[in-house]
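In: The sequence and its predicted three-dimensional model are supplied below.
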Amino acid sequence: MELWLDLLFGNSIGLMSVTVIATTIALMGFYTFYFLKKTPPKRPSAKISLRSGCTAVCSHL
């Protein structure tokens, strides 16, 4: 464990790797939250009566 901590935080490249991974996870969380917030809830659709449409079309014939 000490070896991994030394590799990650021992130099600037390891620290930047940790920063990139943390930023990526934060952005993924933000975009997931944004997508779920902006997606409209499903509403029951209005039923379209085919019979009334058919009579309107058929009455012109």
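Out: Good, I have the coordinates.
In: Every contact and neighbour count from this point should use C-alpha atoms.
Out: OK.
In: the helices in this protein, which residues?
Out: Shown for the chain, the helices assigned by DSSP state H span residues 2-9, 12-38, 50-59.
In: what's the least confident stretch among these?
Out: By mean pLDDT, the lowest-scoring of the helices of the chain turns out to be helix 50-59, with a mean of 55.
In: Can you read off the pLDDT for P41?
Out: Confidence score, pLDDT, at P41: 78.
In: how far away is it from F35?
Out: Taken as C-alpha to C-alpha, to the nearest Å, the spacing of P41 relative to F35 amounts to 12 Å.
In: who's more crowded, the two?
Out: Neighbours of P41 and F35, each counted by other C-alpha atoms under 10 Å, are more numerous for F35; the result is 11 against 8.
In: From I21, how far out is that one?
Out: Applying C-alpha to C-alpha, the value for F35 to I21 is 21 Å.
In: Near L15, how many other residues are there?
Out: Residues lying near L15 (other C-alpha under 10 Å) number 14.
In: Please apply the same query to M16.
Out: Using other C-alpha under 10 Å: M16 sits among 13 other residues.
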